[in-house]
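Peer 1: Just the structure for this:
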Amino acid sequence: MEDRLYYRELECYERAGETLLRAIGKNDYYDLSLLGTETMKEEFRRYIRYRGTQVSLNTIQHEKSCFRQFCQALQARRSLPESLLDWEEERWIQLLKAWMMQNGIPLTREKKNLYEKINVVEARLPCYIRRIYRFLKPEDKRPEREKDIWKLEKLDIQIEENPIYKTETLNFTGILQEKIREEVKLAIYQHLKYEKLGTVKRELTSLRQFSRYLKEKQIGIKSCAEINRPVLEEYLIHKATDGSSGRGNSDDILKLRSVLETVGKLCGYPQLEKLFLNTDIPPELEPEFRAYSDSELKRLNAHITKLDEQITRCMVIHQMLGTRISDTLTLQRDCLFQLNGVDMIRIRQVKTKTFEKPVSAELAALIRKAIKYTEEQYGETVYIFVDERDTRRPLQYSTIKHKVLGLIQKEDLRDDEGKHFRFGTHMFRRSYGVKLTELHLDDWTIAKLLGHKGVNAVMHYRKMSNQILADETRRAREAQTRLLLANLEGWGEDYEQIR
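Peer 2: Below you'll find the model as predicted:
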């Protein structure tokens, strides 16, 4: 078999642009002969062809440097196995890290996220080999609930998830104590039956944090049955002093309690059901209520038009509707209708209930344009804004977040305080709510337009800026004065005496 795997054999080759192809030139193949054994050649051939269905040709080209480094590490060894699977994953990683250190290659790298925060992560070469190893590893035939990584589609229960966040797996490997991991699986499976997937994911995060704490502090607890009040109190002190936010700590402790209490019920550990006191939950910090100013909205919207036309429509519609981002992204193609000649929209809220409200003719026209675009591009779909890779799903939150934050960094867009804008999709909703209060609408009308069940949340939108409040108060005083003077006009001399 040919030892060269040419890019033209990959699915992503057809989507590559001419500029990239010219830059690659004659270096358009992987030289599999560098691998040494026929088995490894076939394994890498399979992986690269699969990878070509998942990523762009540009990524394939960048990953070639990792491939070459791996081959160099192999050539530095006298004896090697025939197959990648003949060794455990961690043995390969140890081999690579030793070779990297000998050749002065850093074991970690800095990675900047979309918020410009720098994190230290594992170097690309070990990550590359981990991906290949896990791709080649035979499928685990055990029942899904016995595995350490659950594929949600293979569980025999209906899972309630937010469609704008695509979650395919739940990973329990971060729970380092084997017995605790198995006990937690029982609880998480029960919670998936009646809790939303986002809540369950946060519960798993809280258990991973607790597990790491037990490991780092060398606390020899192997089962939830061994968790007692002194251990919990030490952990609560650790959480209170590790520098994280009070709001996050509160949620972490609540989720930890929820899982441990369920473990107690299912496994017969009654002490877990009485382990926590109400005073263990840290008070939540009241978040600052903030909305975009008019000048901030103008700066953002002046650049949002530079995004893809459908993404731009999505962001403009999101602002004009005042919905949550999940409700905007899950708008369905049948959402518009007319009632007594008025354009109306039906919004199926992900978090609460469906509601209807009137919209302007301009907004209705923009939504119809978005619907037409989707029909022309993707045919019959449920949602107006769809995921290009799977048009059965709505446009994913991560997709729109990456595009907007990328625009903010590229254009150096800053708020009134001189800081880079964040991805404040809910800030648009707050700005919408504040504008409604400035129109002097009553609380019930504002709640209906925002899709709230009641009027309790409206008070947050009435927290207007001091300047607006001063202007409103001044106008109210002036109106009151004019009214009083009009009533006093007929008093004549009597009024002059008290004046």
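
Peer 1: Now for residue 311, how many residues are close by?
Peer 2: If you count neighbours by other C-beta atoms under 10 Å, residue 311 ends up with 18. (Glycine included, C-beta is placed from N, CA and C.)

Peer 1: Isn't it up against residue 400?
Peer 2: Yes: assessed by C-beta atoms under 8 Å, residue 311 is found in contact with residue 400 at 6.3 Å.

Peer 1: wait, isn't residue 371 in contact with residue 384?
Peer 2: Yes: if you go by C-beta under 8 Å, residue 371 and residue 384 touch, sitting 5.5 Å apart.

Peer 1: what sits in contact with each of these two?
Peer 2: Common neighbours of residue 371 and residue 384, using C-beta atoms under 8 Å, 6 or more residues apart in numbering, are residue 333.

Peer 1: who's more crowded, the two?
Peer 2: Set residue 371 next to residue 384 and count neighbours by other C-beta under 10 Å: residue 384 wins out with 28 against 21.

Peer 1: Next up, the contacts around that one.
Peer 2: By C-beta under 8 Å, 6+ apart, the neighbours of residue 384 are 331, 332, 333, 335, 367, 370, 371, 374.

Peer 1: wait, what's in contact with the closest residue to it other than its chain neighbours?
Peer 2: Spatial nearest neighbour of residue 384, excluding adjacent residues (C-beta to C-beta, 6 or more residues apart in numbering): residue 331 at 4.8 Å. By C-beta under 8 Å, 6+ apart, the contact set of residue 331 is 317, 345, 347, 367, 383, 384, 385.

Peer 1: Tell me the spacing between residue 331 and residue 439.
Peer 2: To residue 439, residue 331 is 24 Å away according to C-beta to C-beta, to the nearest Å.

Peer 1: re earlier: for the contacts of residue 331, pick the one with the most neighbours.
Peer 2: Sorting those by how many neighbours each has (other C-beta under 10 Å) puts residue 384 first, at 28 neighbours.

Peer 1: okay, it: pLDDT?
Peer 2: If you check residue 384, the pLDDT there is 94.

Peer 1: Can you give the domain ranges for the chain?
Peer 2: 4-136, 144-280, 294-422 (automatic domain parsing).

Peer 1: Make CSV from the ones you listed and add distance to residue 454 to it.
Peer 2: As requested, these are exported to CSV (distance: least, C-beta to C-beta, whole Å):
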stretch, distance to residue 454
domain 4-136, 34
domain 144-280, 21
domain 294-422, 11
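
Peer 1: List just the one of those that sits closest to residue 445.
Peer 2: The minimum distance between residue 445 and the domains of the chain falls on domain 294-422, with 10.0 Å, by C-beta to C-beta.

Peer 1: so how far is the first residue of that closest one from its last?
Peer 2: End-to-end distance for domain 294-422, by C-alpha to C-alpha, to the nearest Å: 16 Å.

Peer 1: nearest to residue 458, of the domains of the chain?
Peer 2: When these are compared by C-beta to C-beta, domain 294-422 sits nearest residue 458, at 12.7 Å.

Peer 1: List phi and psi for the residue nearest to residue 384.
Peer 2: Residue 331 has phi and psi values of phi -60, psi 130 when expressed as degrees, to the nearest 10.

Peer 1: How about residue 383?
Peer 2: Main-chain dihedrals, residue 383, degrees, to the nearest 10: phi -100, psi 160.

Peer 1: In contact with it, which residues are there?
Peer 2: Counting by C-beta under 8 Å, 6+ apart, residue 383 touches 329, 330, 331, 332, 333, 374, 393, 394, 395.

Peer 1: I'd like to know how far it sits from residue 351.
Peer 2: For residue 383 relative to residue 351 (C-beta to C-beta), the value is 17 Å.

Peer 1: can you check residue 322 too?
Peer 2: Applying C-beta to C-beta to residue 322 and residue 351 gives a distance of 15 Å.

Peer 1: which one of those two has more residues nearby?
Peer 2: Neighbours per residue, other C-beta under 10 Å: of residue 322 and residue 351, the larger number sits with residue 322, 21 against 10.

Peer 1: Surely that one and residue 450 touch.
Peer 2: Yes: with contact defined as C-beta under 8 Å, residue 322 reaches residue 450; the gap is 6.1 Å.

Peer 1: From what I see, residue 191 and residue 263 are in contact.
Peer 2: No: with contacts counted by C-beta under 8 Å, residue 191 stays clear of residue 263, the gap being 10.8 Å.

Peer 1: higher neighbour count, these two?
Peer 2: Applying other C-beta under 10 Å to residue 191 and residue 263 shows that residue 263 carries more neighbours, namely 26 against 19.

Peer 1: Where neighbours are concerned, which of the contacts of residue 383 has the most?
Peer 2: Counting by other C-beta under 10 Å, top hit in the contacts of residue 383: residue 329 with 27 neighbours.

Peer 1: And the pLDDT at that residue?
Peer 2: Here the pLDDT value assigned to residue 329 is 92.

Peer 1: Show the contacting residues for it.
Peer 2: Applying C-beta under 8 Å, 6+ apart to residue 329 gives the contacts 163, 164, 314, 383, 385, 394, 395, 396, 397, 400.

Peer 1: State the mean pLDDT of stretch 159-168.
Peer 2: Averaged across stretch 159-168, the pLDDT comes to 87.

Peer 1: So what's the residue count around residue 20?
Peer 2: Here the number of neighbours of residue 20 (other C-beta under 10 Å) works out to 14.

Peer 1: Hmm, residue 59 and it touching each other?
Peer 2: No: using C-beta under 8 Å, residue 20 makes no contact with residue 59, being 10.9 Å away.

Peer 1: how about the spatially most central residue of the chain, secondary structure?
Peer 2: For the chain, the residue nearest the mean C-alpha position is residue 398 (5.8 Å; C-alpha atoms, centre = their mean). Put simply, residue 398 is helix when judged by DSSP: H, G, I helix; E, B strand; the rest coil.

Peer 1: any idea how far it lies from residue 165?
Peer 2: Per C-beta to C-beta, residue 398 is found 8 Å from residue 165.

Peer 1: if we can go back for a sec, which residues are in contact with both of residue 322 and residue 450?
Peer 2: 429, 432, 433, 436.

Peer 1: Serialize the residues you listed to TSV and add fields for distance to residue 362 and pLDDT.
Peer 2: Formatted as TSV, the shared contacts of residue 322 and residue 450 follow (distance: C-beta to C-beta, whole Å; pLDDT from 0 to 100):
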residue	distance to residue 362	pLDDT
429	19	79
432	16	76
433	20	78
436	18	78
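
Peer 1: from those, which would you call buried?
Peer 2: Neighbour counting with 16 or more other C-beta atoms under 10 Å marks 429, 432, 433, 436 as buried within these.
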